[in-house]
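Peer 1: the sequence and its predicted three-dimensional model are supplied below.
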Amino acid sequence: MSYAVRTPSLLVAVMVLVASLLAPVSLAAAEEPSASFENDVTTVTRGDEVEITVSHSESGTLHIGGDDYGYHLMVNLSGSGTTTVTIDTYNSTANNTSAYVSGGSATLTTAQLDEPLEPSTYVMNVTIGGVERAIGQLKVTPRGNTSAQTHVAPKAINDSEDGLTSESIPGSITERQMVAQGDYAVIKLNESGLESALNTSDVSGGAAANGIEISMNQLEVRPNHEQQSFLATPENGTTVVEDFENDIVYLVWDTSELPIEGDTEEYEVTVTLEGEHNDLVEDDTITARSRVNLVEPTVSIDVHNETTYPWEALQVNVTGETTLAPNTVLEVRARAPGQPFLKLVPVTVTENGTLRKNLTFAPESRGLTFPLWIRGNDRNLRDQTETTMRFLESDAGMRFVDQETDGTFVTVSEVTLSVGGFVRVETADEEPLGTSAYLPPGSHENVIVEFDRRQLADGELLAVAHTDQNRDENFSVSDDPPYRTNGTNGSIVADDAMVRLEPGAKTPTAQPTATQTDAPAVQETVTQTKTAYPVTERTPLAPSESETNTGIPFSPGLVVVALVVAGLLARSRQ
C-alpha cells in the first residue's frame, strides 16, 4: 500500500526535474563581467613608451597606481574586446593626459608630475561596474647608461632606393674605430629611456631636441688652434636612424668633410643630455661616448707574377691592404695602350681590410706590357696602386754559319733570346758537345760555345736555343727546355752549320750584348729539314767582305801551297 502511495510522488519528482532541464535560462544573467591583462607584469624603462593590453567583456576602467604612489591614472575602456593603452612615460609631466596617453579617455586624479614617471612597481586593476575584475603590475625601471660603439661602412649602403634603414644598416657595418675619410662612421647607440625624448631630425641640443646633443669633437688641439666640434646635423653629413623596437639608434656620419691633419685625426662622439631641456637629468650629463680614428683612404697592392714568362700560365694574383671600409667594392683594371680593357673586375674589401683577386688573361695577351691598377667609385686610387705587367713571349732566332774549328769550340754568329737563356751545340746524332754561358735577354753576336769534349771529325752540327726556365742562369737539360716557335707549341728554334777541323783555328772575340729593347726584329720562317730536329731558318744577315756562307774557307797553309805550285807551273812553262 505504501508502494502505491509513493509511485505518483516519484513520477512527479522526475517530471519536475526534466522540466527544469528543458526550461530556457538567460546566459547573460548567469555570467559575471570579466577582464584580464595580457601580461601580469608589464615592464618599461623610465622615459620610454609602454603598451598595456587589456581584454574586457564590458566597458570598464583601467586604474594605474593610486594615492599611495602619488600617481593615479584612470583610463576608460569602452565596450567589449581588447584595448591597448599606450603611455609615454617621458611626457607624463604634461598637464593634459591626452598628450601622453592613447587608447582611451584618461584622467589623472593626483597632482601633475614635475618629472617623468619615477621608477617603481605600480599596481594596475580593471573595474567593471565598480567591481575589480583583473589585477596586474606596471614596473617602471630606472634608465641605464646609454652605450655607444663606433662602426664603419662604405657609402654604397646609401645607394639603394630605401636609403639608410634599420634593416639595411646592421648587415653593412663593421665594428672598428678606424674610418677612412669619405666612408661612413656609424655610431651604434644602445639607448635607454630616450625613445620618446629623441627627435631623429634634431639632435643638436636645445628645447626642440629635448636637450639631446650629439657631436663629433676633435681630441688633439694643436698649438694656437681651437678645438673643432661638429653637431650631428644634416648639414654636417649626419643621418639618425632609429630602431626603438630593439632599443638601438644609428648615427650615420659622412666623414667626407671632416678635417684631417696629417695621416690621422682623433675624434670623439658624445651624447649629452642637457639638464635645462631634458627632464631625465638635472644637470648636463654625457650619457655615451665613442672614439673615431679618421685616417687617409689608402690602398696598397702586391701582384704575384708581375712579370710572366712564356712557360708560365697567364694567371695573376692580386692581393692588397686598405684603410677603406669592409664591404667596399673596388675595381681591378688592366689595359694595354691602344687596347680595350684586358680586365675590368670587382673586388670586395674583407672584414680585416684586405683584398684578393685571381685573374686569368687570354692567350692573346702574350707579348703585352700594360698597367694594372685599382679604381674606387669616388676616389683616385690609381696613383697608389698602378703596377706594370709584362707578359713575355717566347721568341728566339740565331745564325750559325759554316766555319772551321780546332775541335774545342764553335762560334754562333748571332743569337736573339727574348727572355734570355743558352745555346747548346749538338752533333747530328743528338750528342751534346757544349753549352754557352748564360745569355741575358736581347741580341748577341759571336757567341762562343766551348765543347765539353773535343770534336774529332768534320761534320754538320746543330745549335739549339734554350730557355733559362728556372731563372738560375745555370744550364740544366731537365729544367731549361728549348725555345719553340709560336710560344710553346711550335718547332724547336735551331740552326745547323758545316764545321771542319782546322788545328790553327782562332777563337773570335765576342761582341757586346745588346739590350732587349735594342734587339732588332728577326724574321723567321719554319721549315722541315732532314736533320733529327725541326729547324727554324732565319733570314740571313748581309755578308761581310771577309765572310761568306757558301762553303768552307781555305786555310792559310793551303793558300801558301797553292802559291808555290802556281810558281813552279809558271817556271816550267818558261
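Peer 2: Right, received. Where do you want to start?
Peer 1: return the distance of the closest residue to T360 other than its chain neighbours relative to E351.
Peer 2: Among residues not flanking T360 along the chain, Q315 sits closest, at 5.2 Å (CB to CB, 6 or more residues apart in numbering). C-beta here means a position set from N, CA and C on the backbone, and glycine is covered the same way. Per CB to CB, to the nearest Å, Q315 is found 26 Å from E351.
Peer 1: now G104
Peer 2: Here G104 is placed at a distance of 50 Å from E351 (CB to CB).
Peer 1: neighbour-wise, which of the two wins?
Peer 2: G104 (17 against 10; other CB atoms under 10 Å).
Peer 1: which ones are touching the more buried one?
Peer 2: With contact taken as CB atoms under 8 Å, 6 or more residues apart in numbering, G104 is in contact with 62, 75-78, 83, 85.
Peer 1: and for Q112?
Peer 2: The contact partners of Q112, by CB under 8 Å, 6+ apart, come to 93, 95.
Peer 1: try it again at 6 Å.
Peer 2: N95 (CB atoms under 6 Å, 6 or more residues apart in numbering).
Peer 1: again with K343
Peer 2: K343 is in contact with 334, 359, counting by CB under 6 Å, 6+ apart.
Peer 1: how does it look with 7 Å?
Peer 2: Counting by CB atoms under 7 Å, 6 or more residues apart in numbering, K343 makes contact with 332-334, 359.
Peer 1: residues of the helix or strand containing it that come out buried?
Peer 2: Element membership for K343 (DSSP states H and E) is strand 341-348. By 16 or more other CB atoms under 10 Å, the buried positions in strand 341-348 come out as 342-343, 347.
Peer 1: ranges for the strands of the stretch 1-150 of the chain?
Peer 2: Ranges of strands within the stretch 1-150 of the chain are 35-37, 41-45, 49-56, 60-66, 71-77, 81-88, 101-102, 106-108, 120-128, 131-141, 147-153, based on DSSP state E, counting those that start in this stretch.
Peer 1: can you give the strand pairings for the fifth one, parallel or anti for each?
Peer 2: Yep, that's strand 71-77 we're talking about. strand 60-66 (antiparallel), strand 106-108 (antiparallel) (DSSP bridges).
Peer 1: likewise for the last one?
Peer 2: Sheet partners assigned to strand 147-153 using DSSP bridges are listed as strand 174-175 (antiparallel), strand 184-190 (antiparallel).
Peer 1: tell me what the helix or strand that the longest one is followed by is packed against?
Peer 2: This points to strand 184-190. Using DSSP H and E, the helix or strand that directly follows strand 184-190 along the chain is strand 212-218. Contact here means 3 or more CB pairs under 7 Å, 6 or more residues apart in numbering; DSSP states H and E; on that basis strand 212-218 packs against strand 229-231, strand 264-273.
Peer 1: pick the most deeply packed of these.
Peer 2: strand 264-273 (a mean of 20; mean count of other CB atoms under 10 Å).
Peer 1: now the angle from that strand to strand 147-153?
Peer 2: Computed by axes from the mean of the first three to the mean of the last three CA atoms, to 10 degrees, the angle separating strand 264-273 from strand 147-153 equals 140 degrees.
Peer 1: tell me what strand 264-273 is packed against?
Peer 2: Judged by 3+ CB pairs under 7 Å, 6+ apart, strand 264-273 is in contact with strand 212-218, strand 285-295.
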